[in-house]
Structure formats: C-alpha cells, structure tokens
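1. 3D, please:
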Amino acid sequence: MSEELAFLLQKLIPALNEGVLMSIKLIVPSAVLGLALGVVVGSLRAYGGRFFSPLANGYAALFRGTPLVIQLFILYFGLPNVGIYFKPYTAAVLGFIMCSAAYHSEYIRGGLLSIRRGQVLAAQALGFSTFRTLVWIIIPQAFRRALPGCGNEIVYLIKYSSLAYVVTCFELTGQAKIVASETFRFSEVFMVVGVYYLALVTVASWGLRRLEKRLEIPGFGH
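-> As a prediction, the model looks like this:
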C-alpha cells in the first residue's frame with residue numbers, strides 16, 4: 001500500500017467520518033428547530049401587532065446583522081462571565097438555531113404578506129379567530145411559497161456548521177484541521193473535506209426538491 005493511500009484510508013477518512021457524524025448531529029436539530037422558530041418569528045413580524053412585531057423585527061435584525069462566529073463566541077466564551085455555561089455542542093446548536101431562524105423569518109414573513117387580504121377576511125367571516133386563520137389558512141400557503149428560500153437557508157446551514165470548531169465542537173472541519181495540523185497535508189485534507197460537504201449539500205438539495213414537489217398544488221405553484 002502506498003503512503004498516500006495509507007494516509008487516506010487509515011488516518012484521514014476515519015477522522016472525517018467521525019467529524020461528519022458530528023456535523024449531522026449539529027445540522028439536523030438546528031435545521032428543524034431553526035425553521036420552527038423562524039415560522040414563529042416570521043409570523044410575529046407580519047401579524048404581531050404593535051408590541052410583538054418590533055421585538056421580532058429586532059431579533060431578526062440582530063441575528064442577521066452580526067456575524068455568526070461572533071454569536072458563537074458570545075454564547076460559549078462570553079456568557080460564562082455572567083454565570084451561564086454551555087457545552088460546545090449546545091453552544092453551537094443554539095447559535096445555529098437562532099441565526100438560522102432569523103433568516104427563515106424573512107422568507108416566512110414575505111410568504112405571509114404575499115397572501116391576499118381577502119382570504120383573512122373570508123376566514124373571519126366564517127368565524128375563524130386570528131390565530132386559527134393564521135395556523136390553518138395563511139401559514140400553510142405561505143410556507144409553500146417560502147420553502148425555496150428556507151431550503152436555501154438549510155443548505156447554507158450545512159456549510160456554516162463548519163464554524164462549530166471555533167467553540168471546540170470538532171465536526172467535519174474541526175477534525176480536518178486537526179489532521180492537517182498534525183500532518184501538514186493541508187491541500188489533500190481540505191480537498192477531501194470539500195467532497196464531503198459537496199455530498200451533504202447534494203443530498204440535502206435533492207431532498208428539498210422532492211419536498212417542494214410533494215407540497216406543490218397543481219395550478220397554484222408552491
């Protein structure tokens with residue numbers, strides 16, 4: 001066995017496989033909970049009234065306007081100064097959820113505002129409360145329209161999950177950095193890492209396209 005092949009099979013691939021498992025553990029809950037929180041924040045931005053709308057808009061502006069890496073640093077290194085401690089995995093997931101939700105909220109808000117006002121008035125005429133109108137009539141339609149944008153944010157989440165290593169949560173990029181630092185084979189290591197991320201993004205994009213097709217209503221688009 002050649003030296004290059006031995007390095008690949010015995011050193012690099014096992015380390016990256018361990019890292020990709022951690023990446024998946026970060027991505028899946030962050031994507032699901034980030035989307036759920038984004039729906040809530042987006043709904044409040046569109047229909048929250050004088051009190052909740054400004055708060056939701058402030059949340060979105062804060063997390064969309066500051067770098068994710070700064071948010072992670074505050075969660076992991078800053079909060080202990082006020083007595084709040086998170087483990088690396090918890091800090092990374094919380095950071096991804098809050099940041100992702102802010103971006104999802106923008107797509108959801110746009111989808112909600114694209115629904116014609118007449119549907120709200122018709123629901124109210126039938127005796128629906130504002131909450132029931134939002135949950136059963138407006139959000140399902142808005143979600144279909146927002147899904148391409150939300151799917152794009154999930155793809156971005158896969159890529160910026162690589163920042164978890166800055167809070168010592170060693171996912172795919174973190175494991176690659178360790179191997180590269182030990183062996184000084186930076187080019188080989190990160191080329192293989194790029195293939196891993198490309199595979200993750202390809203699978204996620206395929207799944208999201210299938211979901212869009214499944215939720216599509218003939219004649220009405222998303």
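2. what about the helices in the chain?
-> 3-6, 13-47, 49-65, 68-73, 88-113, 117-125, 130-133, 139-160, 172-183, 186-215 (DSSP state H).
3. Quickly compare those helices and say which is most buried.
-> helix 88-113 (a mean of 22; mean count of other C-beta atoms under 10 Å). (Each C-beta comes from the backbone N, C-alpha and C, glycine too.)
4. Show me what that helix is packed up against.
-> helix 13-47, helix 49-65, helix 68-73, helix 139-160 (3 or more C-beta pairs under 8 Å, 6 or more residues apart in numbering; DSSP states H and E).
5. helices or strands next to the longest one in the packing?
-> Judged by 3+ C-beta pairs under 8 Å, 6+ apart, the packing partners of helix 13-47 are helix 49-65, helix 88-113, helix 139-160, helix 172-183, helix 186-215.
6. With mean pLDDT and distance to residue 119 as extra columns, can I get these in TSV?
-> Converted to TSV, the helices and strands packed on helix 13-47 look like this (pLDDT from 0 to 100; distance: least, C-beta to C-beta, whole Å):
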stretch	mean pLDDT	distance to residue 119
helix 49-65	95	19
helix 88-113	95	11
helix 139-160	91	8
helix 172-183	94	44
helix 186-215	93	18
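7. Any idea which of those gets closest to residue 133?
-> helix 139-160 (9.4 Å; C-beta to C-beta).
8. Could you figure out how far the closest one is turned away from helix 88-113?
-> If you take axes from the mean of the first three to the mean of the last three C-alpha atoms, to 10 degrees, helix 139-160 sits at 140 degrees to helix 88-113.
9. on that earlier part again, can you lay out the helices and strands packed on helix 88-113 as JSON lines showing distance to residue 115?
-> JSON lines is the format used below for those (distance: least, C-beta to C-beta, whole Å):
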{"stretch": "helix 13-47", "distance to residue 115": "9"}
{"stretch": "helix 49-65", "distance to residue 115": "17"}
{"stretch": "helix 68-73", "distance to residue 115": "31"}
{"stretch": "helix 139-160", "distance to residue 115": "6"}
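10. out of the ones you listed, nearest to residue 110?
-> So among the helices and strands packed on helix 88-113, helix 139-160 is nearest, using C-beta to C-beta, at 6.7 Å.
11. What's the separation between residue 56 and residue 74?
-> Residue 56 sits 20 Å away from residue 74, going by C-beta to C-beta, to the nearest Å.
12. Lovely, talk soon.
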